[in-house]
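1. would you be able to build a 3D model of this:
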Amino acid sequence: MGFRLAASAEMLYVDLPVADRVRRLHELGFEVEIWDWRSKDLESLAATGATFSSMTGYLRGDPTTDEGIAELLSTAEESLRAADIIDSPRLNLHGTGLDPDGMPVHPRSSVEGEDWLRARETLARLADLGRRSGRVFTLENLNTAVDHPGTPFARAADTLALVRSVDDPGLRLNLDLYHAQIGEGNLIELVRSALPWVGEIQVADVPGRCEPGTGEIRYEAIAAELGVLGYTGVVGLEAWARSDPDAALAAFRAAFTV
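-> Next comes the predicted model:
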């Protein structure tokens, strides 16, 4: 198996303190994803010895409005300093700021041509920040039908188009296959076309956003295709446990053992 496995400390072992969740995932051999770093004692997380796969790369802002761009760039720089503490190689971005419930702070029903140009320019500036810091910003696709209605630049086709147009190693795609299945489907073809620009792949089953084997996605086939394509990056489980977190992680590992 050429790729590495990670899991979200935000969605598993949720009855434990965050540092204990991180420690547990590390003991089980997974890299660890976290979200909003402001709510966490990063020094204590670093002390667990875990390898971190990704974290949220901004606090506020959006890529298209004057005020939003300034906030996005400023808080991305703050996030880069936080990433140094836990040595997170990737910092995650979205098409706009999200509130604690995952809803867009500034929902949009559509985006215009000027929005695309401004988003590309902003992402190019973020890519430069990431490259000069030795880290990578990743732009995540989301779904608007179930989890994040009103989010601009949400589809995998949209995030891929933006990342390809910037074409900078400081910016890559966080390809979330759970969101892509809801919004677009055709996952193996999506993986094939997107892989040159992928920084990380995230997974959960549909419906329910639980571990592989609980829904309609045949992740074993996707894992086999990743092996054929020679993918050597991270596959991260960003899912709730249907019942037991240990069983969820075992199912994830089994699905992605090629």
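
2. helix/strand/coil for the residue positioned nearest the centre of the chain?
-> Nearest to the geometric centre of the chain sits Asn174, at 4.7 Å (CA atoms, centre = their mean). Here Asn174 is recorded as strand under DSSP: H, G, I helix; E, B strand; the rest coil.

3. for the nearest residue to Val14 once chain neighbours are set aside, give its distance to Trp197.
-> The shortest distance from Val14 to any non-neighbouring residue, by CB to CB, 6 or more residues apart in numbering, is to Arg21 (7.6 Å). Every residue, glycine included, has its C-beta placed from N, CA and C. Taking CB to CB, to the nearest Å as the measure, Arg21 falls 30 Å from Trp197.

4. higher neighbour count, these two?
-> Arg21 (25 against 19; other CB atoms under 10 Å).

5. how about the helix or strand encompassing that one: buried residues?
-> Using DSSP states H and E, Arg21 falls within helix 18-27. Under the neighbour-count criterion of 16 or more other CB atoms under 10 Å, helix 18-27 has 18-19, 21-26 buried.

6. A helix includes Val235, no?
-> No - checked against three-state DSSP, Val235 lies outside a helix; its state is strand.

7. which stretches of the stretch 151-258 of the chain form helices?
-> 156-166, 177-183, 187-194, 219-229, 245-255 (DSSP state H, counting those that start in this stretch).

8. show me where the chain dips below the pLDDT cut-off.
-> Residue ranges of the chain with pLDDT under 70: 1.

9. how about the strands in it?
-> 4-8, 31-33, 52-56, 90-93, 136-140, 171-176, 198-203, 234-237 (DSSP state E).

10. re earlier: so what's the residue nearest to Val14 up against?
-> Going by CB atoms under 8 Å, 6 or more residues apart in numbering, Arg21 touches 9, 12-14.

11. and it, how far from Thr214?
-> Using CB to CB, Arg21 is found at 21 Å from Thr214.

12. before we move on, back to that, is it possible to export the buried residues of helix 18-27 to a markdown table including distance to Leu190?
-> Shown next, in a markdown table, are the buried residues of helix 18-27 (distance: CB to CB, whole Å):
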| residue | distance to Leu190 |
| --- | --- |
| Val18 | 32 |
| Ala19 | 35 |
| Arg21 | 30 |
| Val22 | 30 |
| Arg23 | 34 |
| Arg24 | 32 |
| Leu25 | 27 |
| His26 | 31 |
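
13. state the pair within those residues that is farthest apart.
-> Maximum pairwise distance among these (CB to CB): 12.5 Å, between Val18 and His26.

14. compute the number of surrounding residues for Asp244.
-> When neighbours are counted by other CB under 10 Å, Asp244 registers 10.

15. look up how far Val206 lies from the residue nearest to Phe252 when sequence neighbours are not counted.
-> In this structure, Phe252 finds its nearest non-sequential neighbour in Leu237, 4.6 Å apart by CB to CB, 6+ apart. To Val206, Leu237 is 14 Å away according to CB to CB.

16. which residues touch Glu238?
-> Glu238 sits next to 8, 11, 33, 176, 178, 202-204 when contact means CB under 8 Å, 6+ apart.

17. and which of those is nearest Val228?
-> Using CB to CB, those come closest to Val228 at Val203, 17.4 Å.

18. that closest one bridge partners, please.
-> For Val203, the beta-bridge partners under DSSP bridges are Leu237.

19. does it touch Leu175 like I think?
-> No - applying CB atoms under 8 Å, one finds Val203 not in contact with Leu175, separated by 9.5 Å.
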